[in-house]
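Trainee: Any chance you could fold what I've pasted below:
(one chain, ligands or ions: 1)
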Amino acid sequence: MQSIPATNPTIPALKSKPICSLPRSLPTRAMYRPDTPSRSDWQSSCAILASKVAVLAQQQEVQKSNGTDLTSLNGHHNQTLDLVPIDPNLPRPLSITDFSPAPMHGSQLRVAYQGVPGAYSEAAAGKAYPNCEAIPCDQFEVAFQAVELWIADRAVLPVENSLGGSIHRNYDLLLRHRLHIVGEVQLPVHHCLLALPGVRKEYLTRVISHPQALSQCELTLTKLGLNVVREAVDDTAGAAEFVAANSLRDTAAIASARAADLYGLQILADGIQDDSSNVTRFVMLAREPIIPRTDRPFKTSIVFAHDKGTSVLFKVLSAFAFRNISLTKIESRPHRNRPIRLVDDANVGTAKHFEYMFYVDFEASMAEVRAQNALAEVQEFTSFLRVLGSYPMDMTPWSPSGGGAED
Ligand SMILES: O=C(O)C(=O)C[C@]1(C(=O)O)C=C[C@@H](O)C=C1
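Mentor: Next comes the predicted model:
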């Protein structure tokens, strides 16, 4: 991923003004535990949530009454602007300290995603679960928690992109939380360069977006001849909202055409991803696993670590190769609990660095004997093994609807 140059000091720094409009104080480790909540954790969480509802309702009233007053948000630019006001009824993202219960939803499935309305993750949620109620969350971790706390029924989160590679944060979170992968969905990602109405490319000094989106458009931004700094924010649609809400005439956002629509921006350039076949793969997460089947193609995701011995990775991979099971992905992430490990007495004074957890996706269902045998063998070579999920493969990457969801 390319590095994002430092912010131009003459323009407002995004860091000081979080995109999430609800208060966003990060809790300390002691306040917040990412493990699966026990019954009592769950009950006390509900009590805390209930007490926050009244405060949130009050805040949302204030936001609604301020919704059309964009100039009040803009301390730096005092031009009079022809803006489409941001719809105050758009759902606000959940933040880590403010889980308000989802509104009445009847039989609609509630699906948490990271970002604000107009984010690609929202589109992925809609593709995975047509007619769902999409619940925006301001961080990936919040989407995990929303499902754990029964505020949402599912979460839909990106794990890899065909141009930008893996979204590492979600691999780490999969391990820290106890949710199960129940499906996958692949979404073609079509980026646009968005700015306030009337703004021309020559006025721009900054482009903001999700780091993945910035990296997916890196070459095209250069080709467009833009002399701009790139700045990373939490999500693409949040970038668009930020440009609109702060009336920034020197800043463009990389986001979807739907985000342009929602936040009243014009599309300065369309299809600016460096490759037209830009696809992001999302996984669907639930509290319970689905029952694996054999009547359609399934994929299984596992994570493992090994303690000692040589050629462990080779042995693990051959357990699949001998059974003709194709691997679709291997990802390694630092073993956070053991970033450095002292080795035995013979090697006093040395340390073993770079221990890894390995994430593997393979094309078989856990209902198949060959997959069960492969995992039994893997278990022999590894000190830790977890099946993250066995789920239907998304075989229709280019279709506008439908994916590898559970039935
Ligand atoms: O920012 C968004 O709109 C997202 O949904 C996030 C995200 C990502 O994390 O990769 C999803 C798809 C695109 O690849 C760019 C960004």
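
Trainee: State the number of residues packed around the residue nearest to Asp261 when sequence neighbours are not counted.
Mentor: Leaving aside its sequence neighbours, Asp261 sits nearest to Gly118 (Cβ to Cβ, 6 or more residues apart in numbering; 7.7 Å). Heads up, the C-betas are built off the backbone N, CA and C, glycines and all. Gly118: 26 surrounding residues under other Cβ atoms under 10 Å.

Trainee: Kindly report the same for Asp295.
Mentor: 8.

Trainee: cool, and Arg206?
Mentor: Arg206: 22 neighbours (other Cβ under 10 Å).

Trainee: separation between it and the ligand?
Mentor: 17 Å (Cβ to the nearest ligand atom, to the nearest Å).

Trainee: That residue contacts Arg249, correct?
Mentor: No - contact status for Arg206 versus Arg249: not in contact, 10.8 Å apart, counting by Cβ atoms under 8 Å.

Trainee: sorry, back to before: check the residue nearest to Asp261 and give its pLDDT.
Mentor: Looking at Gly118, its pLDDT stands at 97.

Trainee: Provide the secondary structure category for it.
Mentor: coil (DSSP: H, G, I helix; E, B strand; the rest coil).

Trainee: ok, it touching Ala257?
Mentor: No - if you go by Cβ under 8 Å, Gly118 and Ala257 don't touch, sitting 9.0 Å apart.

Trainee: what sits against Asp270?
Mentor: Residues near Asp270 by Cβ atoms under 8 Å, 6 or more residues apart in numbering: His190, Cys192, Ala257.

Trainee: quick one: average pLDDT of stretch 297-313?
Mentor: On average, stretch 297-313 scores 87.

Trainee: Check stretch 90-107 too.
Mentor: 58.

Trainee: mind checking the end-to-end distance for that stretch?
Mentor: By Cα to Cα, to the nearest Å, the extent of stretch 90-107 from end to end equals 21 Å.

Trainee: Tell me the residues on the stretch 251-400 of the chain that lie near the ligand, please.
Mentor: Residues of the stretch 251-400 of the chain lying close to the ligand (Cβ under 6 Å from any ligand atom) are Thr280.

Trainee: in the stretch 251-400 of the chain, which spans are helices?
Mentor: 257-263, 312-321, 369-381 (DSSP state H, counting those that start in this stretch).

Trainee: how near is Thr310 to the ligand?
Mentor: 36 Å.

Trainee: I'd like the next helix or strand past the helix or strand bottoming out on mean pLDDT in the chain.
Mentor: Here the helix or strand of the chain ranked lowest by mean pLDDT, DSSP states H and E is helix 39-66, holding a mean of 36. Scanning forward in sequence from helix 39-66 by DSSP states H and E, the next helix or strand is strand 110-114.

Trainee: what about the very next helix or strand once past that next one, near the ligand?
Mentor: Using DSSP H and E, the helix or strand that follows strand 110-114 in sequence is helix 120-128. Yes - for helix 120-128, a contact with the ligand is found by Cβ under 6 Å from any ligand atom, at Tyr120, Ser121.

Trainee: Helix 120-128: which residues count as buried?
Mentor: Tyr120, Ser121, Glu122, Ala123, Ala124, Ala125, Gly126, Lys127, Ala128 (16 or more other Cβ atoms under 10 Å).

Trainee: Same question for stretch 310-320.
Mentor: Within stretch 310-320, the residues scored as buried using 16+ other Cβ under 10 Å are Val312, Leu313, Lys315, Val316, Leu317, Ala319, Phe320.

Trainee: just checking, the first one touches Phe381?
Mentor: Right, Val312. Yes - the criterion here is Cβ under 8 Å, and Val312 meets it with Phe381 at 5.1 Å.

Trainee: shared neighbours of these two, anything?
Mentor: In contact with both Val312 and Phe381: His306, using Cβ under 8 Å, 6+ apart.

Trainee: Let me know which of the helices of the stretch 251-400 of the chain is tucked in deepest.
Mentor: helix 257-263 (a mean of 21; mean count of other Cβ atoms under 10 Å).

Trainee: Do me a favour and average the pLDDT over that helix.
Mentor: Averaged across helix 257-263, the pLDDT comes to 97.

Trainee: And it, what does it pack against?
Mentor: Contacting helix 257-263 under the criterion 3 or more Cβ pairs under 8 Å, 6 or more residues apart in numbering; DSSP states H and E are the following elements: strand 192-195, helix 236-245, strand 266-270.

Trainee: Now mean pLDDT and distance to Val387 too, for these, in JSON lines please.
Mentor: Converted to JSON lines, the helices and strands packed on helix 257-263 look like this (pLDDT from 0 to 100; distance: least, Cβ to Cβ, whole Å):
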{"stretch": "strand 192-195", "mean pLDDT": "98", "distance to Val387": "39"}
{"stretch": "helix 236-245", "mean pLDDT": "97", "distance to Val387": "32"}
{"stretch": "strand 266-270", "mean pLDDT": "97", "distance to Val387": "42"}
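
Trainee: what would the ones you listed look like in a markdown table with distance to Leu163?
Mentor: Below are these laid out as a markdown table (distance: least, Cβ to Cβ, whole Å):
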| stretch | distance to Leu163 |
| --- | --- |
| strand 192-195 | 16 |
| helix 236-245 | 14 |
| strand 266-270 | 17 |
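
Trainee: can you tell me which of these comes nearest to Glu377?
Mentor: helix 236-245 (42.4 Å; Cβ to Cβ).

Trainee: any bit of that closest one sitting next to the ligand?
Mentor: Yes - under the criterion of Cβ under 6 Å from any ligand atom, helix 236-245 makes contact with the ligand via Thr236, Ala237.
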